[in-house]
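S.K.: Here's a sequence, model it:
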Amino acid sequence: MSSPAPAASGQASADAAAIAAEHAAQRAARWDDACLAAALFAVDPVGVGGISVRALPGPVRDIWLELLRDLLPPEEPFRRVPLHIADGRLLGGLDLAATLHAGRPVAERGLLAEADGGVLLLAMAERVARNTAAHLSAALDTGEVLVERDGITARTPTRFGVIALDEGANDEEQVPDTLKDRFAVLLDLNDLPYQAALPGDQDPAGIRAARARLPQVEVPEDMLQAICGTALALGVDSLRTSLFAQRIARAAAALAGREAVAMDDVSAAARLVLAPRATRIPMPEPDDAPSPEEPPPPEENQDDNPDNQSPEQDIDKPLEDVVLEAAQAAIPDNLLALLKMGAMRSRSRSHGKSGASQNGSLRGRPAGTRRGEPGAGARLAVIDTLRAAAPWQRLRRAEREQRSQAGTGGTAVLVEVRQDDFRVTRYKQRSETTTIFVVDASGSAALHRLAEAKGAVELLLADCYVRRDRVALIAFRGPGAELLLPPTRSLVRAKRSLAGLPGGGGTPLACGIDASVELADGVRRRGGTPVVVVLTDGRANVTRDGIGGRARATEDALASARAFRTAELKALVVDMSPRPRPDAEQLAREMGAVYLPLPHADARALSGAVQAVS
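M.R.: Here you go, the predicted structure:
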């Protein structure tokens, strides 16, 4: 009798080979779509708006960029936007050297005006400054650059496309939403191997022919309905997205040599535009039985329509189904996890970066200039001072000549700088973040999941140590709360205090929240940014006075939670219950905090949630 082990081993190898082949096919399809996106962008850069390419520097991204450059006409401008570009270089303004030489204001063209009819390459787009993103968004919307600075007012028409290189190392580093909403295509090339990145088969001559054909391409009514219906099914609410899908479909039809958009073009638009923005996975509609009032189909049409369906059903329903299936095939497998982390990021005011931003300090990163005199730590911005004085040189020269003719002085100077022209440098720096862990060590928590909560806190402590944040530990049990670890950077001390935390006793939840508010207020007064992480099941049974009583204790806990929200502190409430309960969720709602059930939170989710609120 033969053993079944070899057969089982062969079946496992076959399954592994099938899975590997499926993954390889998916990666090849993604690269084909990326090459198609580059070709469609080359056909209509202005209509497409832009492409966000999420990929770390490497050969795959380089091959894609080289493919795009080969497809774009060489005579069109291709400009690179530095990360920390000044507004004067981006928008244009006063040409200081020419102004000082000519004695009158001379304007210079900015980078946005220079890119008219071409492409802008935005490097490290996940770290772009907010003002730069706002200027780019305004130029993409209006098709012009408005300059009102340094005594110059000008409107310059400019239309261009943007390639945003997103080099984010984690989920917290993302291109600003104000830019992504104005880009048609969102690509992710991070996990594509080098072997899959083969040069595309598009011809620059075909791109030029598609550009000439694009104005004549029409979109039939049923194709527009398919685009809008698919967007609704995927939960895409932005109207810009549907417009971008229509433009991508027109570019695809022009590239294929068609003068009307076909189903293949709409399917490509669904994969490239709609699928990356999906907010839900559409569920199949149940097959409803026909109503008894519905009349039967005519007998004479049964031969032409064997399925007893109307002609509209034969055309419309299959078209929308095909487009929706094409979009679903391109939806990432971890869509629900990404949406959950995205919702947490949306509640964060600092976009996951450590520490809050402080403006006007005397050290940190330069953040522009302001009018003022040097001294008391303020540093004179020489170039900006000369830029403020340059437009007035002609008037001041005339005043000097009048004074010279009147015999009241008027020494000849090259540039006259007055007190009102002085500009000093402003600086911006991020304050130090202190993560305050408030751990429920009562008997109910110990009975439930105190050990797992300790493990989760240890993971978060390690993550805070990597970010060089301070950590503090408060435990509440029995009659009150106790500060076990003042704010420190010592990971060893934090782990030792956590390991020695006993469990048992009542749940003075109000005392724990009050202690966290007091400690956070001290951190804030010292210039830091406090972030409170509360681990509890939300079931209080000890009042502020240390007296038992669940009803009174719950009222005290909710009152402390409302006081916490009044203090405007950032917080995360982690539910330690074996099953999520409404008590902890209500507590988080009263505190104005993010709620996260521990049964659904692995190490990555907890770390991401803390970064999202910090």
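S.K.: And the one helix or strand S242 maps to, what does it pack against?
M.R.: For S242, the element it lies in under DSSP states H and E is helix 239-255. Applying 3 or more Cβ pairs under 8 Å, 6 or more residues apart in numbering; DSSP states H and E, one finds that helix 239-255 makes contact with helix 5-43, helix 45-48, helix 204-213, helix 221-233, helix 263-269. Bear in mind the C-beta positions are built from the backbone N, C-alpha and C, glycine included.
S.K.: Which one, of these, ends up nearest to L120?
M.R.: Closest approach to L120 among the helices and strands packed on helix 239-255 (Cβ to Cβ): helix 45-48, 9.6 Å.
S.K.: What lies in contact with the helix or strand just after that closest one?
M.R.: Using DSSP H and E, the next helix or strand after helix 45-48 towards the C-terminus is strand 50-54. Strand 50-54 is contacted from outside by 37-38, 41, 61, 64, 125, 140, 161-166, 168, 175, 179-180, 182-190, using Cβ atoms under 8 Å, 6 or more residues apart in numbering.
S.K.: For the helix or strand following strand 50-54, list every residue counted as buried.
M.R.: Where DSSP H and E defines the elements, the next helix or strand beyond strand 50-54 is helix 59-71. Judged by neighbour count using 16 or more other Cβ atoms under 10 Å, the buried positions of helix 59-71 are 60-61, 63-65, 67-68, 70-71.
S.K.: Same check on stretch 383-392?
M.R.: Judged by neighbour count (16+ other Cβ under 10 Å), stretch 383-392 contains these buried residues: 384-392.
S.K.: how about the spatially most central residue of the chain, secondary structure?
M.R.: Centroid check for the chain by Cα atoms, centre = their mean gives Q174 as the closest residue, at 3.6 Å. In terms of secondary structure, Q174 is coil; the call rests on DSSP: H, G, I helix; E, B strand; the rest coil.
S.K.: Look up how far I207 lies from it.
M.R.: According to Cβ to Cβ, to the nearest Å, Q174 stands 30 Å off from I207.
S.K.: R258 is in contact with D265, isn't it?
M.R.: Yes. The criterion here is Cβ atoms under 8 Å, and R258 meets it with D265 at 7.5 Å.
S.K.: When these two are compared, which one has more neighbours?
M.R.: For R258 and D265, the more surrounded residue by other Cβ atoms under 10 Å is D265, and the numbers stand at 25 against 16.
S.K.: ok, that one to P582 distance?
M.R.: Using Cβ to Cβ, D265 is found at 49 Å from P582.
S.K.: and if you look at T425?
M.R.: Distance from T425 to P582, by Cβ to Cβ: 52 Å.
S.K.: Those two: who's more crowded?
M.R.: Shown here are T425 and P582; by other Cβ under 10 Å, T425 has more neighbours (18 against 10).
S.K.: can I assume the more buried one is in contact with A378?
M.R.: Yes. In this structure, T425 is within contact of A378 by Cβ under 8 Å, at 7.5 Å.
S.K.: Now do stretch 51-63, average pLDDT.
M.R.: In this model, stretch 51-63 has a mean pLDDT of 90.
S.K.: How far away from the center of its chain is that stretch?
M.R.: Here the centre of stretch 51-63 is set off from its chain's centre by 18 Å, with Cα atoms, centre = their mean, to the nearest Å.
S.K.: Just the C-alphas of it, formatted as CSV.
M.R.: What follows is stretch 51-63, C-alpha atoms only, in CSV (Å, rounded to 0.1, in the frame of the first residue of the first chain):
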residue,chain,number,x,y,z
ILE,A,51,0.4,61.0,-12.4
SER,A,52,1.4,60.1,-8.8
VAL,A,53,4.1,57.4,-9.0
ARG,A,54,4.7,55.7,-5.6
ALA,A,55,8.1,54.0,-5.8
LEU,A,56,11.4,54.2,-4.1
PRO,A,57,14.4,55.2,-6.2
GLY,A,58,15.5,52.2,-8.3
PRO,A,59,15.7,50.6,-11.7
VAL,A,60,12.0,50.1,-12.1
ARG,A,61,11.1,53.7,-11.6
ASP,A,62,14.1,54.8,-13.8
ILE,A,63,12.9,52.6,-16.6
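S.K.: shaky segments in the stretch 451-600 of the chain?
M.R.: Low-confidence segments of the stretch 451-600 of the chain (pLDDT under 70): 451-457, 460, 464-467, 500-501, 503, 598-600.
S.K.: the helices in it, which residues?
M.R.: Taking DSSP state H, counting those that start in this stretch as the test, the helices found in the stretch 451-600 of the chain are 491-499, 509-525, 550-566, 582-591.
S.K.: and the last one with helix 550-566, angle?
M.R.: Comparing the axes of helix 582-591 and helix 550-566 via axes from the mean of the first three to the mean of the last three Cα atoms, to 10 degrees yields an angle of 30 degrees.
S.K.: tell me the contacts of the residue lying closest to E373 once chain neighbours are set aside?
M.R.: Of all residues not flanking E373 in the chain, F422 sits nearest, at 5.2 Å (Cβ to Cβ, 6 or more residues apart in numbering). Residues in contact with F422 (Cβ under 8 Å, 6+ apart) are 371-374, 380, 385.
S.K.: just checking, which of those residues belong to strands?
M.R.: Counting by DSSP state E, the part of the contacts of F422 found in strands is R371.
S.K.: Tell me the one of the contacts of F422 nearest S404?
M.R.: Closest to S404, out of all of the contacts of F422 and judged by Cβ to Cβ, is T385, at 25.1 Å.
S.K.: measure the closest one to Q419 for me?
M.R.: For T385, the distance to Q419 equals 11 Å [Cβ to Cβ].
S.K.: for R271, same thing?
M.R.: Distance of R271 to Q419, computed by Cβ to Cβ: 61 Å.
S.K.: Alright, calling it a day.
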